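Asker: got a structure for you, letters missing:
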């Protein structure tokens, strides 16, 4: 089986248009449309309730106050009462619209966040590395927040505004077709200008979202690397880089808001102009007897109902551009293909037992770079301890990543007990193959909570009984790996806080946590990236003792940085410039006079 893959980059934003982005966004988060027709019906009722005021004003004045024979107080009271009742009902409908919108949109956007977050984890490590972590996180957080603001407020209001404009236009035409033509004549030029203006606003907000992501990326990097920044005294340089990111974000935001201000102010200017023109023309029509006082006053109210939504619509359209920019960035994550694809339920289940691994014609190239593995054929026997050695950049770590399926080969295949890793369910592969990195990532919490990540059923450890059972298994693992003395030296034992990223523990202690996790995972094949260069002698002894217990009876593949590990291995694999050049036992290779013999001789000389 041979495949060629190109590692994907996470695009800065989706290339979909505005309407296509909205359609795709709704497809991804269908909960947003839950109960939409009921919500829209309530919104229409709320909008229709607003026209009761101008109608009530016209009827009250023309048929009540200016009635033939003098004011009709009973009719005035009736009209006022009916208008008040309708307004109360409209207010209740408006409140229900807000509640329903909040529930449905939050459900949809929560689903969007979860889906985007899970897809980020489905992407290969190489794909994730194409973007700063902080910028990637911003797509699932702040970018979704921009969508939330628009959907909960702007989306339905835009529909209501359009409806209100239509209703107001019909009523205005009933009262005075002449004044209605005047109103639309003033607003048509504004509508023609809005489309190109909104396009520029969209471009500005797209730049804002990109700048915000870059700023968060720079800030998160400086927080994570604070120790290095202090150690090398580069605080001022880092501050300048962050300041530059902040200023770029500010400039992008100011530019976007300037465009928004121009568009919104244009709507306000035209609205005020319309009102003035209607007063003048309406007065002339009133003098000529073409419109009554009540109808003119009602028309002025209707103009307010017409211009208000127009002004609001311009603001909503601006928020729409911001939301679309955020939506495009989130969709760009979802559109990024996952190269390491889980076979899922259609995949094979690999039975537990001694793990036998084969590499057949394996080639690999990192994105945009030359090939680093060239047709590697390798057989790793079951229950054997295999050490992979080679110079830096020779390709030995790449082999480990392929065996654990953090990446897939660009050609050839990796087999576990005769089955291509790409044909296995990811859950089955993770049960059998366990990676022990140079320094396992530690989460902010206690030592026990971090070690528990190795438990396959850790998700069930939330209940007190299950938590007690998990703790018992952790304590048993500590004893079997001979780490009881280390645990006793910690201030609170398993309850010792490890701090963010495990900063309260030494590098060697973090490695011990990684070994405990691997023991609890009970894998059939252990892939270890050896790291003891920054470890004190006492911790090195503990690691060696723990490794002996951990690897007993298991297949192991160790990326050996020290040749003492190769000396103790059952099989040594020598990698040079992407080729497996030698395979054999230490004694055999050391006497063969090849690459390994030269490496070992140099190492012995250095360690004397």
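Answerer: Looks like it came in fine. Fair warning: this is a prediction, and the values are worked out from it, not measured in the lab.
Asker: can I assume residue 178 is in contact with residue 286?
Answerer: No: counting by C-beta atoms under 8 Å, residue 286 is not a contact partner of residue 178; they are 11.6 Å apart. C-beta: built from backbone N, CA, C; applies to glycine.
Asker: which ones are touching residue 396?
Answerer: Residues in contact with residue 396 (C-beta atoms under 8 Å, 6 or more residues apart in numbering) are 388-390, 559, 573, 575.
Asker: go again using 6 Å as the cut-off
Answerer: Shown in contact with residue 396 (C-beta atoms under 6 Å, 6 or more residues apart in numbering): 388, 390, 559, 575.
Asker: and the first one, how many neighbours?
Answerer: Residue 388 is surrounded by 29 other residues when neighbours are defined as other C-beta atoms under 10 Å.
Asker: flag the shaky bits of the stretch 501-608 of the chain, pLDDT-wise.
Answerer: 531-536, 607-608 (pLDDT under 70).
Asker: now do the helices in it.
Answerer: Here the stretch 501-608 of the chain has its helices, by DSSP state H, counting those that start in this stretch, at 507-521, 537-551, 563-568, 586-590, 595-607.
Asker: point out the most buried one among those.
Answerer: Stretch with highest mean neighbour count among those: helix 507-521 (a mean of 23; mean count of other C-beta atoms under 10 Å).
Asker: picking that back up, so which of the contacts of residue 396 belong to strands?
Answerer: Counting by DSSP state E, those place 388, 559, 575 in strands.
Asker: in CSV, list those along with distance to residue 372.
Answerer: Shown next, in CSV, are those (distance: C-beta to C-beta, whole Å):
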residue, distance to residue 372
388, 14
559, 14
575, 10
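Asker: tell me the one of those residues nearest residue 62?
Answerer: For the ones in strands among the contacts of residue 396, the residue nearest residue 62 by C-beta to C-beta is residue 559; the value is 90.9 Å.
Asker: give the contact list for that closest one.
Answerer: Residue 559 touches 388, 396-397, 400, 529, counting by C-beta under 6 Å, 6+ apart.
Asker: if you set the cut-off to 10 Å instead, what comes out?
Answerer: By C-beta atoms under 10 Å, 6 or more residues apart in numbering, the contact set of residue 559 is 387-390, 396-401, 437-438, 527-531, 565, 575.
Asker: can you select the buried ones from those in PyMOL?
Answerer: Selecting just the buried residues from the contacts of residue 559 in PyMOL takes one command, with 16 or more other C-beta atoms under 10 Å as the test:
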select buried, resi 387+388+389+390+396+397+398+399+400+401+437+438+527+528+529+530+531+565+575
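Asker: picking that back up, so which of the helices of the stretch 501-608 of the chain gets nearest residue 142?
Answerer: With distances scored as C-beta to C-beta, the stretch of the helices of the stretch 501-608 of the chain nearest to residue 142 is helix 507-521 (31.2 Å).
Asker: how far does the closest one sit from its chain's centre?
Answerer: Taking C-alpha atoms, centre = their mean, to the nearest Å, one finds helix 507-521 lying 29 Å from the centre of the chain it belongs to.
Asker: who are the packing partners of that helix?
Answerer: Helices and strands touching helix 507-521, by 3 or more C-beta pairs under 10 Å, 6 or more residues apart in numbering; DSSP states H and E, are helix 426-432, strand 433-436, helix 447-451, helix 464-480, helix 484-489, strand 525-529, helix 537-551.
Asker: switch to 7 Å and redo it
Answerer: strand 433-436, helix 447-451, helix 464-480, helix 537-551 (3 or more C-beta pairs under 7 Å, 6 or more residues apart in numbering; DSSP states H and E).
Asker: need these in CSV with distance to residue 292, can you?
Answerer: Supplementary listing: the helices and strands packed on helix 507-521 in CSV, determined by distance: least, C-beta to C-beta, whole Å:
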stretch, distance to residue 292
strand 433-436, 84
helix 447-451, 78
helix 464-480, 78
helix 537-551, 94
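Asker: residue 307: which of the ones you listed is closest?
Answerer: Counting by C-beta to C-beta, residue 307 lies closest to helix 447-451 out of the helices and strands packed on helix 507-521; the figure is 59.1 Å.
Asker: got the contact list for that closest one?
Answerer: Residues from elsewhere that reach helix 447-451 (C-beta atoms under 7 Å, 6 or more residues apart in numbering): 442-443, 471, 474, 490, 494-496, 498, 513, 516-517, 520.
Asker: let me know the closest of those to residue 68.
Answerer: Nearest to residue 68 out of the contacts of helix 447-451 is residue 443 (C-beta to C-beta; 82.7 Å).
Asker: per-residue pLDDT of the closest residue in space to that closest one that isn't next to it in sequence, please?
Answerer: If the residues on either side of it in the chain are set aside, residue 443 comes closest to residue 450, at 6.0 Å by C-beta to C-beta, 6 or more residues apart in numbering. If you check residue 450, the pLDDT there is 85.
Asker: if I look at residue 450, how far off is residue 474?
Answerer: According to C-beta to C-beta, to the nearest Å, residue 450 and residue 474 sit 10 Å apart.
Asker: could I get the contacting residues of residue 586?
Answerer: With C-beta under 7 Å, 6+ apart, residue 586 has these contacts: 566-567, 569, 572.
Asker: turn these into a markdown table, including distance to residue 605.
Answerer: Shown next, in a markdown table, are the contacts of residue 586 (distance: C-beta to C-beta, whole Å):
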| residue | distance to residue 605 |
| --- | --- |
| 566 | 16 |
| 567 | 15 |
| 569 | 21 |
| 572 | 19 |
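Asker: quick check: the farthest pair among those?
Answerer: With C-beta to C-beta as the measure, no two of these lie farther apart than 567 and 572, at 8.6 Å.
Asker: what backbone torsions are found at the residue nearest the centre of the chain?
Answerer: The residue lying closest to the centre of the chain (C-alpha atoms, centre = their mean) is residue 140, at 3.0 Å. Main-chain torsions, residue 140, degrees, to the nearest 10: phi -90, psi -10.
Asker: excluding chain neighbours, what is closest to it?
Answerer: Spatial nearest neighbour of residue 140, chain neighbours left out: residue 116 (4.9 Å); criterion: C-beta to C-beta, 6+ apart.
Asker: same deal with residue 422?
Answerer: Nearest non-adjacent residue to residue 422, counting by C-beta to C-beta, 6+ apart: residue 408, 6.2 Å away.
Asker: the one you found: neighbour count?
Answerer: 22.
Asker: quick check: it vs residue 482, distance?
Answerer: 37 Å.
Asker: next: residue 167.
Answerer: Applying C-beta to C-beta, the value for residue 167 to residue 482 is 80 Å.
Asker: next secondary structure after the strand or helix carrying residue 46?
Answerer: Assigning secondary structure by DSSP states H and E places residue 46 in helix 36-50. As assigned by DSSP H and E, the chain's next helix or strand after helix 36-50 is helix 52-59.
Asker: and that following helix, what does it pack against?
Answerer: Counting contacts by 3+ C-beta pairs under 7 Å, 6+ apart, helix 52-59 packs against helix 73-122, helix 293-335.
Asker: and if we set it to 8 Å?
Answerer: helix 73-122, helix 156-175, helix 293-335 (3 or more C-beta pairs under 8 Å, 6 or more residues apart in numbering; DSSP states H and E).
Asker: ok, which stretches of the stretch 201-350 of the chain are strands?
Answerer: Using DSSP state E, counting those that start in this stretch, no strands are found in the stretch 201-350 of the chain.
Asker: shaky segments in it?
Answerer: In the stretch 201-350 of the chain, residues with pLDDT under 70: 223-234, 264, 267, 311, 313-315, 317-318.
Asker: residue 440: what secondary structure?
Answerer: Of the three states, residue 440 takes coil according to DSSP: H, G, I helix; E, B strand; the rest coil.
Asker: what about it, how many residues close to it?
Answerer: The number of residues near residue 440, taken as other C-beta under 10 Å, comes to 21.
Asker: list the contacts for it?
Answerer: Residue 440 is in contact with 510-511, 513-514, 517, counting by C-beta under 8 Å, 6+ apart.
Asker: save these as JSON lines, and put in distance to residue 144 too.
Answerer: Below are the contacts of residue 440 laid out as JSON lines (distance: C-beta to C-beta, whole Å):
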{"residue": "510", "distance to residue 144": "33"}
{"residue": "511", "distance to residue 144": "37"}
{"residue": "513", "distance to residue 144": "33"}
{"residue": "514", "distance to residue 144": "33"}
{"residue": "517", "distance to residue 144": "32"}
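Asker: that's all I had, so thanks and see you.
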